[in-house]
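*Asks:* I would like the atomic coordinates for the input below:
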Amino acid sequence: MSSHVAAGRSSVAPRTWRKAGIRIIPLVGLAYVASYIDRANVGYLAAPMSRDLHLSTGQIGLAAGLFFIGYILVEVPSNLALRRFGARKWIARIMITWGLVTAATSAVNSAATLYLARLLLGFAEAGLAAGILLYLTLWFPRRQRSWALSAFFLMTPVSSIIGSPLAAALLEWGQQLFGIAGWRSLFLVEGLLTVVVSILVFVFLPDRPATARWLDDDEKAAIEATLAAEAEEHRAHGALSGLREALTSRRVWIMAVTWFAIAFGLYPLQFFLPTMLRSITHSIGGTGDVSSVLLSAIPYAVALLALLVWARFAARRTAVTATAIPMALGIVGLLLATLTSSGTLFVIAVCLSVSGILTAMPQFWRIPAIGLTGAAAASGIALINSVSNLSGFIGPYFTGAVASATGSFTYALLAIAIIMTAGLAALLTTGRRMERLDGNLS
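*Replies:* Okay, the predicted model is just below:
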C-alpha cells in the first residue's frame, strides 16, 4: 500500500467513523425500512385483498412482481442522477413520489388497477436501494464498509419486524380507524409515513462528508482524503471507473447474476410467507390473516440476531467467504422447508433460510466496491441491483403460478434453492478473482 493511502486512512480517528455511522446509517436505514415495508405489503395483504378484489394466487404474484419492471428500467438512470444532484435531494424525491403512489393504491378496485399501481410504484421507487449503497461508498472506505453495510442491512429484518405488527394492527382495526377496509388503510398509512420520512431525509442527510455540519474541518478533510486515496489505488490496480466500462464488464454482469440469485431466495418468501404459514400452521395453531402475518415476523427476528453475530466474524474473513457461508445455509433452509409438513419445523427451516440470505446480503456488497469507482460505481452498483430486481418480478410470479398449479409451495421452494446454488457457484469463481484485486490493496 502506498504511504499516501496509509497516511490518509490513519488520519481518521475511530470516533469519526462512529460519528458518521450514527448520523447516517439510521437515517438511510429508515428510508430503507419504509421501502421494504412498502414493497412487501402485498404479501401481508394477499388474503384479504384477494377476497375483496377476487384475485388468484397467480394474480397476487403478478401484482407483486410488476413493481420490479419500472424499478429495473429506471435504476441505472436514477443512480446517475443521484450522483449528479446529490443524495439528499434525490432520495427525498424518490420517497415523496412513491409515498403518494402507495397512498393512492388504497383506492384500487380491480386486478387491472392494482397492476397499474404496482407498476407505477416501481418507477417511483427505482434507485433507492442502489442509491443508498452508492451513497455509503461515498462515506466509508473498504476497511469500514463491512460493519457499515451490516448495520445498514439490519434494516431489512427490522422492516419485517415492524411491518408485520403494523399490518396485523391495521387489518384488525383499520376499518374502525379510517372507515375503509383494513388492507386499504395499510396502503394509506404506509404512503403517508413514507412522505414524512422523506422530509427527514431532505432536512438532515448530508450529500458528502464535506457538507456534513456535524463534522469539523479536520474530520471532513481526513475522510475525503481517505476515500480519494483509496479510489486512486483501486484505479491503479484495474478498478473500473467509466460508465461504459461498468455496463460492458463481464465481472459486473456475473456479480449481477449472483445478487439476482441471493435476492431470488428472499422475495418469494417475503411476499408469500404469510400465505405459506396460513396453509401449514394447523399444527401450531392459528390460521387467520392476522396470526399468519404475525408469525411471518419470527424468521426476521432470528435473522436480526444472525446479522449481528455474523458481522463480528465476517469482518475478519474475505468478502466471498463471508457471503458464501450464510448463502449456503440459506439454501439448506429452503431444502429443509420442502421436506416437512410440520408447521413448527417449517418455521424453523424458514428461520434458517431467511437468516442465511439476509446475512449474505451486506457481505456481498463488499465485493463490487473492490472493482468500481466514480461513474462505474454509480452505474455498476445500479446495474447489479437492477438485474437482481428481475428476481423480484420473476420470483413472486413464478412462486404464485407454481403454487396455483400444484396446490403447494414445495416445488417453487426447490427451484429457488437450485437458482441460489447456481449463484453460489458464480460467487465462488468470479468473486475470488475480484478479491485478488483486494489483496493487492491490503
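
*Asks:* starting at the chain centroid, how far to the one helix or strand R18 maps to?
*Replies:* Assigned by DSSP states H and E, R18 belongs to helix 14-44. Offset of helix 14-44 from its chain centre (CA atoms, centre = their mean, to the nearest Å): 10 Å.

*Asks:* residues of it that come out buried?
*Replies:* 16-17, 20-21, 23-25, 27-44 (16 or more other CB atoms under 10 Å). Every residue, glycine included, has its C-beta placed from N, CA and C.

*Asks:* what's the answer for stretch 81-98, then?
*Replies:* In stretch 81-98, counting by 16+ other CB under 10 Å, buried: 81-83, 86-88, 90-98.

*Asks:* go on, stretch 115-135?
*Replies:* For stretch 115-135, by 16+ other CB under 10 Å, it's 115, 117-135.

*Asks:* so where's the protein uncertain?
*Replies:* For the chain, residues meeting the criterion pLDDT under 70 lie at 1-10, 40, 43, 233-247, 279-294, 369-378, 433-442.

*Asks:* who touches F409 in this structure?
*Replies:* F272, M276, S279, T399, V402, A403 (CB atoms under 8 Å, 6 or more residues apart in numbering).

*Asks:* which one (most neighbours) among the residues you listed?
*Replies:* T399 (29 neighbours; other CB atoms under 10 Å).

*Asks:* element containing that residue, please.
*Replies:* helix 390-406.

*Asks:* re earlier: so the helix holding R18 versus helix 390-406, what angle?
*Replies:* 30 degrees (axes from the mean of the first three to the mean of the last three CA atoms, to 10 degrees).

*Asks:* which SSE is immediately downstream of helix 14-44?
*Replies:* Past helix 14-44, the next helix or strand by DSSP H and E is helix 46-53.

*Asks:* C-terminal to that following helix, what's the next element?
*Replies:* Per DSSP H and E, the first helix or strand lying C-terminal to helix 46-53 is helix 57-85.

*Asks:* list the buried residues for that following helix?
*Replies:* Under 16+ other CB under 10 Å, the buried positions of helix 57-85 are 57-72, 74-76, 78-83.

*Asks:* and it, what does it pack against?
*Replies:* helix 14-44, helix 46-53, helix 87-105, helix 111-125, helix 128-137, helix 250-280, helix 374-388, helix 390-406 (3 or more CB pairs under 8 Å, 6 or more residues apart in numbering; DSSP states H and E).

*Asks:* give me the angle between the fourth one and helix 57-85.
*Replies:* Computed by the same axes, to 10 degrees, the angle separating helix 111-125 from helix 57-85 equals 20 degrees.

*Asks:* residue numbering should commence at 27 henceforth.
*Replies:* I'll keep to 27 as the first residue from here, and by that count the last item is helix 137-151.

*Asks:* neighbours of F204, how many?
*Replies:* 16.

*Asks:* please read the previous query as pertaining to H80.
*Replies:* 10.

*Asks:* what residues does it make contact with?
*Replies:* Per CB under 8 Å, 6+ apart, neighbours of H80: A137.

*Asks:* can you tell me how far it is from A255?
*Replies:* Per CB to CB, to the nearest Å, H80 is found 60 Å from A255.

*Asks:* ok, T284 next?
*Replies:* T284 is 29 Å from A255, by CB to CB.

*Asks:* sorry, back to before: by contact count, what packs against the helix holding T425?
*Replies:* Helix 416-432 packs on helix 83-111, helix 276-306, helix 436-452, going by 3+ CB pairs under 8 Å, 6+ apart.

*Asks:* closest one to C377 among these?
*Replies:* helix 276-306 (10.8 Å; CB to CB).

*Asks:* what residues of the closest one count as buried?
*Replies:* By 16+ other CB under 10 Å, the buried positions in helix 276-306 come out as 277-306.

*Asks:* coming back round to it: figure out which of the helices and strands packed on helix 416-432 is closest to L334.
*Replies:* Smallest distance to L334 across the helices and strands packed on helix 416-432 (CB to CB): 18.4 Å, for helix 276-306.

*Asks:* and the closest one with helix 40-70, angle?
*Replies:* Using the same axes, to 10 degrees: helix 276-306 against helix 40-70 is 50 degrees.

*Asks:* just the angle between helix 276-306 and helix 72-79, please?
*Replies:* Going by the same axes, to 10 degrees, helix 276-306 makes 80 degrees with helix 72-79.

*Asks:* so who does the closest residue to L180 other than its chain neighbours touch?
*Replies:* Here the nearest residue to L180 in space, its sequence neighbours aside, is L333; by CB to CB, 6 or more residues apart in numbering that works out to 5.4 Å. Applying CB under 8 Å, 6+ apart, we find L333 in contact with S176, F179, L180, P183, S381, L384, T385, P388.

*Asks:* mind redoing it with 7 Å?
*Replies:* Residues near L333 by CB atoms under 7 Å, 6 or more residues apart in numbering: S176, F179, L180, P183, L384, T385.

*Asks:* of these, which belong to helices?
*Replies:* S176, F179, P183, L384, T385 (DSSP state H).

*Asks:* helix 40-70 and the helix or strand where A174 lies, what's the angle between them?
*Replies:* For A174, the host element (DSSP H and E) is helix 168-179. Relative orientation of helix 168-179 versus helix 40-70 (the same axes, to 10 degrees): 40 degrees.

*Asks:* what packs against helix 168-179?
*Replies:* If you count contacts as 3 or more CB pairs under 7 Å, 6 or more residues apart in numbering; DSSP states H and E, helix 168-179 packs onto helix 40-70, helix 154-163, helix 324-340, helix 369-390.

*Asks:* those helices: which one's closest to G217?
*Replies:* That would be helix 40-70 among the helices and strands packed on helix 168-179, by CB to CB, at 7.9 Å.

*Asks:* okay, now A247: neighbour count?
*Replies:* 16.

*Asks:* pull out the buried residues from the helix or strand where it lies.
*Replies:* Using DSSP H and E, A247 maps to helix 243-262. Applying a neighbour-count criterion of 16+ other CB under 10 Å, one finds 245-253, 255-257, 259-260 buried in helix 243-262.

*Asks:* tell me the one of the residues you listed nearest I442?
*Replies:* H260 (34.4 Å).

*Asks:* need the contact list for G125.
*Replies:* G217, L218, T220, V221, S224.

*Asks:* what about the second one, how many neighbours?
*Replies:* Here the count is done by other CB under 10 Å, and L218 has 13 residues near it.

*Asks:* count the residues that sit near the nearest residue to Y62 once chain neighbours are set aside.
*Replies:* Nearest in space to Y62, with sequence neighbours left out and distances taken as CB to CB, 6+ apart, is S185 at 3.7 Å. By other CB under 10 Å, 23 other residues sit near S185.
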